[in-house]
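Participant: give me a 3D structure for the following:
(one chain, ligands or ions: 1)
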Amino acid sequence: MIIYFCGSIRGGRDDVDVYRRIVIKLKQHGTVLTEHVSSTELTERGEDASAAGDRFIHDRDVDWLRQSDVIVAEVTQPSLGVGYELGRGVDMKKKIFCLFRPSSGRSLSAMIRGAADGEQFMVKDYSEDEVENILDEFFRTLKRT
Ligand SMILES: O=c1[nH]c(=O)n([C@H]2C[C@H](O)[C@@H](COP(=O)(O)O)O2)cc1CO
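Facilitator: Just a heads-up that it's a prediction; the model follows:
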């Protein structure tokens, strides 16, 4: 199973600890192409632009999206990049699983919650302490479909 994980980078790194927990769990279910998103070393400046460059990052990530079997996104911290990745993922007809924490006090964008169809595009409200169980359950059902 090839997994593309989306999480905020330039949108803000407040949730990096949750991203870490998610990626550790995802790695038990497959290959995670975007492990760097969960790195505590990565700041909201993003990957080193002089080494990579924004064009490189964009093209590499779109290519990884194409290669992926499933897209898992933590969408609590609003991020233009994550929204863009999800839109591209819908266009590529990928299976998408979005995780949102209502305890943040935020209201999830209608363009994400409103895209949910309960099958190909799923949005799950969760609390941090249950994140591993929710991911296990998601992959259990995925294998049955
Ligand atoms: O340095 C980067 N590397 C990278 O892989 N991304 C991708 C992966 C993340 O899921 C998403 C984050 O977008 P943003 O930076 O707009 O919050 O974009 C984004 C950046 C910086 O925008």
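Participant: isn't L99 up against I134?
Facilitator: Yes: with contact defined as C-beta atoms under 8 Å, L99 counts as touching I134 (7.2 Å). The C-beta positions use only the backbone N, C-alpha and C, and glycine is treated the same way.
Participant: okay, the two: which has more neighbours?
Facilitator: Just comparing L99 and I134: by other C-beta atoms under 10 Å the higher neighbour count belongs to L99, 22 against 16.
Participant: any idea what that one is bridged to?
Facilitator: Under the criterion DSSP bridges, L99 forms beta bridges with E74, K124.
Participant: how much space between it and D59?
Facilitator: Plainly put, L99 is 26 Å away from D59 if you go by C-beta to C-beta, to the nearest Å.
Participant: re the thing from before, what do L99 and I134 both touch?
Facilitator: With contacts defined as C-beta atoms under 8 Å, 6 or more residues apart in numbering, the residues shared by L99 and I134 are K124, Y126.
Participant: and for the residue in the chain positioned nearest to the ligand, the neighbour number?
Facilitator: Evaluated by C-beta to the nearest ligand atom, the chain has G81 as its residue closest to the ligand, separated by 1.9 Å. Counted with other C-beta under 10 Å, residues neighbouring G81 total 18.
Participant: can you map out the strands along the protein?
Facilitator: With DSSP state E as the criterion, the chain has strands at 2-6, 31-32, 70-74, 95-100, 121-125.
Participant: from those strands, which stretch is densest packed?
Facilitator: strand 70-74 (a mean of 24; mean count of other C-beta atoms under 10 Å).
Participant: give the other helices and strands that it contacts.
Facilitator: Secondary-structure packing of strand 70-74 (3 or more C-beta pairs under 8 Å, 6 or more residues apart in numbering; DSSP states H and E): strand 2-6, helix 16-26, helix 80-91, strand 95-100, helix 131-144.
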